[in-house]
Each structure stands twice: as C-alpha cells, then as structure tokens.
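*Asks:* Give me a model of this one.
(2 chains)
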There are 2 protein chains.
Amino acid sequence: MIAFSQAATQMRSSEIRRLMKLAADPAIISFAGGMPNNSLFPVEQVDELMRRIALEHKQAGFQYSPTSGYPPLLDTVRALLRKKRIKVENGALLITTGAQQAINLVTKVLCDPGDRIITEYPSFIGALAAFKSYGADTGEGLALSSDGIDPAELDAALAAGGDRVKLVYLNTHFHNPAGITYTPQKKQALISVLENHNVVVLEDDPYGDLYFEDESKRLVTPLAALSEGTVPVCYAGSFSKIFGPGMRLGFLWGPAELIEKCELAKQSMDACSGAFTQVLAHYFCSWGYLEPYLEKLRRAYRHRATLLLEALNASMPQEVGWTIPRGGFYVWVTLPQAIDASAVFDSSLSHGAAFVIGNAFDPSGSRNDCLRLAFSHTPEEKIETGVGIIAAAVKKLM
Amino acid sequence: MIAFSQAATQMRSSEIRRLMKLAADPAIISFAGGMPNNSLFPVEQVDELMRRIALEHKQAGFQYSPTSGYPPLLDTVRALLRKKRIKVENGALLITTGAQQAINLVTKVLCDPGDRIITEYPSFIGALAAFKSYGADTGEGLALSSDGIDPAELDAALAAGGDRVKLVYLNTHFHNPAGITYTPQKKQALISVLENHNVVVLEDDPYGDLYFEDESKRLVTPLAALSEGTVPVCYAGSFSKIFGPGMRLGFLWGPAELIEKCELAKQSMDACSGAFTQVLAHYFCSWGYLEPYLEKLRRAYRHRATLLLEALNASMPQEVGWTIPRGGFYVWVTLPQAIDASAVFDSSLSHGAAFVIGNAFDPSGSRNDCLRLAFSHTPEEKIETGVGIIAAAVKKLM
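*Replies:* Down below sits the predicted model:
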C-alpha cells in the first residue's frame, strides 16, 4: 500500500503537473521546470551514434539487459566515477531507471514505516516523495547555509534519532533547489561526525559535472570519494542532466551488500533499465561525445545563470535574498518573512511568469517564504522580463 | 524494507542470472530465456524511424514525459486497446517501465503484507517476485488446465480467502510458462464467478498479439473486454514482445481511481517511463510498422513452435506430457512424477542443453516435476538437437 503520508505528496504531484503545463505554455515565462531546455539536447550526436553503432550492439539495445546494467555501460560509469576519485572497486554499481529509482531503491532496502531519514531544508521534491511513499519520517530537515548543513546540527539529529535514523540524504553540488555547494572542508567536517554514528549516507549528485568555471571543479569531489570508506556512502548519479532525462538512466554505487539488495528490489520493480538507451549512453561517453557536450552545457548554463542573477540584482527589493550558484540549474530566493510564496506565485502568474513555491521542498511541508527559480529551461531572451514580473509581484506584497 | 519472503525470490534471482549467462553461451543450446531472439528485432525499422522523426519530436524524446506517459503514445495504445475491444473510455491508462512495473504498481497500491493474491499454478516468475516483495501470500496457485483455471476452484479460493484476497492474477493468452490459452467460454465462466466477489483482477497479456494462426485471433479478446465493466479488471500489456524488451515499455489500463494511485506510486519510483523509447514506440505503431512486423513474428514463432513440438514427439518417452501452444513463446513439459526437473536440468546441461525448471514458476516454490521450454530465443537449427539432449536426460532418469 502507499503510505498514508504520501497524501501530502499527492497534492504536490498535481501541482507539478500544473507546473509542467505552465512550462509548456508559450504565453508564460516559466522558471518552474528543473529540466534542460529542449534546444540543448544532443540530438545530432545521437543521430550520428545511430549511424555508427554496429548491428549486434544495436540488437543488444532491443534486448533485456542484466538487472545490474548493460555491462559496457557499467564499465563506462565506473570510469566516470574514477574520475571523481571514487574508489569503485570498494563497492558495487547498479544502473537505475533515473536517479529517482536509485533513491527509491535505497529507501526500500533500508527503511520501514516510522524510520527517520535526515534531510536538508530545502530538499529535492522527488526524494521527499520517495521517502514518504515508504512511510519514513523526514522531520523538518537541517537548514542549509551557503556551504551545506551544519555538522553540529547533524550530530545532534543523529544522536536524537538514535537507531531510528536509517539514512542521511544530501545533495552535495549545485543543490536542487537551494543552488548551494558543499565545500571540501564542510564535507570533511560532516565525515568526521558521520564516522561516530552508524548510518548510511545517500549522496545525490546529478549536477556535479555542470560547474560554470573550471576553478569550481575542485568543489565537486563527492563525499563518497572524500570519506575513503570510513562512512557507508551510497552515491546516486544521473544521465538526465548530461545526456537527457528521457533516457531514464541513473546509477547507484555503494557498499556491495546494500547494492545487491537494491538490485534484487529492482528486479521485481522493472526487471532492468532500458537497454536501448544504455547502449546509446555507453557510446555517447566512450566515443568522446560527452566531454564536448558538457563544455557546451557549462557555457550555456553559466550564461543563463548570469542573466538571471543580473535581473535579480536589477529588479528585486533589497529585503529579498538569493543564493549564487556555481553550477547546476537553480537559484533559491528568500522573501521577507511576512510574504507568502503562494501569493507571489498567484500574482506573478496573472502577469505571465511562473516558478515553484518553497513549500514543495520543505520536508515538513509548512514553510513557504522561499521560491525556486530554475534557469535551465527558460528561453534566454525572456529571463529579464520574467524576473521583472516576479519582482513586481514581491514589491506589491511588501 | 524488502519483505522477508523475498528471500525465496533471491535464490531465483541468482538462478535467473545463471540462466541468462547460459542463454548467451554459444556452447549451450538454451530453451531458458523468455525473450525474442536478437535476430528478430526491428533494427532497420528503427533506423528508418530515426531518419524520419522530426527534430522537435526527437527533442521530446530526450525530455521528461508526463508520469502517465508521452501523450501521443497514450493515444496510440488506446487505439491498440480498442482493437482488442476494451472500452478504454471507461478506465484510465498509464505507460509503465515494462509490464513488470505495471504488476509491481498494482501490487503496491492494493496489497499490505499478509494479504492474499490468487495466482495460477504455474505462474509468471516476475509477478511472483513482485507479489512477494510486498509480503503478499500467493498460496499454492490454482492449477491450470489447457483452457485456464477452474471457475469452481476460483470461487472456493475467493470464499476461503474472504477480505484478505486483494487480487486475482491471470495470464490469459499463450501463458508464461504454461503455453495455454483461456477460451472465451472459460473467460465468461470466470467473469460470472468474479461478479459475485469484490476483488480486482490483474490480466497480464504480453503475448496476445503473437497467435500462430489467424483462426486463433478469436481467442485473444481479453477478459478486460469481455467483462464489460462488471468486474474491476486491470489490463497489463507490453511492448517487450512486439517491439523489444530493451525499450522497457508496458502499459496498464484499469479503473481510473486505481490507475491514478499507480501513477502517484510511479512518480516516486522512476518519475516517468523513458520518453526516447516512447517516441519510437509511438511512431513504430502509428506509421504502420507494427502490423507487418507482427506478421513476421507470428510466422517465425509458429515455425519455431512446430520444430519444437516435432522434436518432442520424436524424442520424448510417452510418459512425458506437454502443452500445445497456439501462440507466444512457451511449451510446458510435465515429467513422470518420480522425476525431479533439477536432475533433468543437471544432466541436460552437462550435455549442452538448458531450460528453466518448473519450481521457479510455483507460487509455493515446492513442486518441481515440470519444465519450461522457450522456443523464442533458440536458433532454429539447434532445436531438434537440444530437445534430443533433454529427452535423453529424462530417459536416463526414468
């Protein structure tokens, strides 16, 4: 059965569907969808792959793959993880149907109804939905500052939760929705805390490759690499932001015993991930299409982020604050406390601009003084106008 | 958490992995894999689709689709269901990540640990794994005869289980693994029984389009069509056998309220099914590639089934029985009772032939006097030799 507490998510689900419609409505300038713009997808590259891939490998794409994944893609992902300094040979790897399935599987394997999962505030809506579908207690979430959660607060939450705490869920780089990034120092401080507790960390890192400046590359070494095996870390990655969400490919690396249980659960969930897109993803990476494509994406998203930040600086009242992302898709805007994000949303929408209200990213579902602006999907030439509409709505409500 | 009773499935899982390896071993003649032969996949047709599909629709294939499915594919599947005489407007439709996910979702939405699911004996291994992953009690399964389960036995099982029974799971056409097909008369008799109980039926029909002779077409009108709304039926279909398992596309039609809950559960499971393959499946069907491909498959599988049945007739001792399929992938072989299928398996394998032992398809996991021969994947020229090896193993053990 679906856990009762998923009712809260159900409202969010219809909300999301509404926002997806808004994102597709050409009359609305939407900062809502956390997805790449269709114009950015590597369509030509995939057309070329389809011409180049040999018949027998194409045939393999029509067939079942092993539940763990198409073996050549497993090797390819291992190479990607090694570049992130993860010691892949110390764990096991599973190809998943998007990182969403990776999050779902770890929760299924570790959590019973009533178990506690420590999350951030704000946190990724898809993870919160998965946690609640298993009846887990996500609490209020630990507040994010510009470099992540506070180690002392994590320590206190782990101590207070005791054996009930089964998972710590962190989105370490170019956070969705907060736009912040954990520094290496912050990761080390958290590792020191985690070493004193017996809990699995799920590090969700779909945006780590999308840094805007080369100097930020030093920031994206995962906690899964830095912990060097002293803490059990499951690392979830995704092809959604570096290839396309429609491929439905993610991956999960972690302690072998845990990954084997996830593979077993996956087998009765969807048997295996799509071999057709696994073959494409394998050749996209191994034939050298990925790196130039990433370069293109980094430039494109850096430019969009710059336009958005300039527009915020130019139009928002000074009581409004926001995060400055170094990569990824998102800026998190904090309103003066008396203003409700839903009121800003209604007013903005009536003038032709949309975003996602902060409430959707609150594990406790109560706080609503923030909003998420995604710059990944909005046409560049509309960013300034769209932000102007939202700023006008904020001013009217102040 | 994974229900404790999935431990039984865990053994099956490693068994399946072993069988997949055997199927790929050129030294072994394998009747194990319930999948199409790689040589039968419509690779050229998909190459052509990739050349013909317009840029904007290709781009949509890289993007998230709505959780319910890529809208043009939903319309295409509705048309397929109407041809099967299902009144699609009386229910809702969901695109799933293979029919395996459809089975998993219905179970998640309807069943708590300890709830009863009435299955057939033998039954589809993937469904049994999904049922057990939610802690459902599958009992022993109702015995299949050549036209399905016995209505009186179903009535008795429903009465005995009472409110604990949440689902009746039936594989109505060209059964996996039994190779049998429910006649229209049998379906009507079952509907009459089900009308007197308050239980959902899950009709799993991945093989219905793969009849060998046109005259068998009259057999494959689903229970979901014949029941005309008097019984709540969820109908699960698949593109795995009519396009390719690697596309990971299935669909689930049924009562709107139930399908909406499945959609909600799917959202936190994998967000949506792969848009890339949904776009391909849509054009494969709507541009007229499906029907000629089905004609080719029907001829190919009819020929393979004929070769297999001829080989069984020529080499098996007369104490051995088997089903005569009118479509699909499978023949179910019943051994004289004293013989254990595992012993036949070991002996056959040592001489170079493999299959799946009956035990894997037993809801209670105890009976092992049968074996499943799949003719979908075995090279035609090896069928006779392979059956000869298995027959020799049986004779040796008699």
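*Asks:* can we go C-alpha only for contacts and neighbour counts from here?
*Replies:* Will do.
*Asks:* Residue B:343 versus residue A:286, what's the distance?
*Replies:* Shown here: residue A:286 relative to residue B:343, a distance of 44 Å by C-alpha to C-alpha, to the nearest Å.
*Asks:* how close does the closest residue to residue A:100 other than its chain neighbours get to residue A:130?
*Replies:* Computed as C-alpha to C-alpha, 6 or more residues apart in numbering or on different chains, the closest residue to residue A:100 that is not its neighbour in sequence is residue B:270, at 5.2 Å. Going from residue B:270 to residue A:130 by C-alpha to C-alpha gives 10 Å.
*Asks:* and residue A:286, how many neighbours?
*Replies:* When neighbours are defined as other C-alpha atoms under 10 Å in any protein chain shown, residue A:286 has 16 of them.
*Asks:* burial of the closest residue to it other than its chain neighbours, as a residue count?
*Replies:* Distances taken as C-alpha to C-alpha, 6+ apart put residue A:76 closest to residue A:286, at 6.6 Å, once the chain neighbours are dropped. As a burial measure, residue A:76 scores 17 neighbours (other C-alpha under 10 Å).
*Asks:* still on that earlier bit, quickly list what's touching both of residue B:270 and residue A:130.
*Replies:* residue A:104 (C-alpha atoms under 8 Å, 6 or more residues apart in numbering or on different chains).
*Asks:* circling back to that earlier point, so the residue nearest to residue A:286 makes contact with residue A:279?
*Replies:* No - applying C-alpha atoms under 8 Å, one finds residue A:76 not in contact with residue A:279, separated by 10.7 Å.
*Asks:* circling back: doesn't the residue nearest to residue A:286 lie inside a strand?
*Replies:* No - going by DSSP: H, G, I helix; E, B strand; the rest coil, the assignment for residue A:76 is helix, not a strand.
*Asks:* Next up, the contacts around it.
*Replies:* Neighbours of residue A:76 in contact, by C-alpha under 8 Å, 6+ apart: A:282, A:285-286.
*Asks:* hey, where'd the strands end up in chain A?
*Replies:* A:29-30, A:92-96, A:116-118, A:120-121, A:142-143, A:165-170, A:200-204, A:233-238, A:250-254, A:321-322, A:330-334, A:353-354, A:356-357, A:370-374 (DSSP state E).
*Asks:* Adjacent strands (with direction) for the last one?
*Replies:* This means strand A:370-374. With DSSP bridges as the test, strand A:370-374 is paired with strand A:330-334 (antiparallel), strand A:356-357 (antiparallel).
*Asks:* who touches the last one?
*Replies:* Strand A:356-357 has contacts (C-alpha under 8 Å, 6+ apart) with A:19, A:31-32, A:341-342, A:345, A:368, A:370-373.
*Asks:* Rounded mean pLDDT for that strand, please.
*Replies:* In this model, strand A:356-357 has a mean pLDDT of 95.
*Asks:* Return the residues of the stretch 201-350 of chain A in contact with chain B.
*Replies:* A:243-248, A:264-265, A:267-277 (C-alpha under 8 Å from any C-alpha of the partner chain).
*Asks:* Just send the strands paired with strand A:370-374 back as TSV, with mean neighbour count too.
*Replies:* Formatted as TSV, these follow (neighbours: other C-alpha atoms under 10 Å in any protein chain shown):
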stretch	mean neighbour count
strand A:330-334	24
strand A:356-357	24
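*Asks:* do you know which of those lies nearest residue A:387?
*Replies:* strand A:330-334 (11.4 Å; C-alpha to C-alpha).
*Asks:* about what we covered before: and the residue nearest to residue A:100, how far is that from residue A:98?
*Replies:* On the measure of C-alpha to C-alpha, residue B:270 and residue A:98 end up 6 Å apart.
*Asks:* can you list residues touching both of those two?
*Replies:* With C-alpha under 8 Å, 6+ apart, residue B:270 and residue A:98 have common neighbours residue A:248.
*Asks:* for the contacts of residue A:76, which one is nearest chain B?
*Replies:* Of all the contacts of residue A:76, residue A:282 has the smallest distance to chain B: 14.4 Å, by C-alpha to the nearest C-alpha.
*Asks:* and that closest one, what is it in contact with?
*Replies:* A:72-73, A:76.
*Asks:* okay if I get those residues as JSON lines plus pLDDT and distance to residue A:255?
*Replies:* Putting the contacts of residue A:282 into JSON lines (pLDDT from 0 to 100; distance: C-alpha to C-alpha, whole Å) gives the following:
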{"residue": "A:72", "pLDDT": "98", "distance to residue A:255": "21"}
{"residue": "A:73", "pLDDT": "98", "distance to residue A:255": "19"}
{"residue": "A:76", "pLDDT": "98", "distance to residue A:255": "19"}
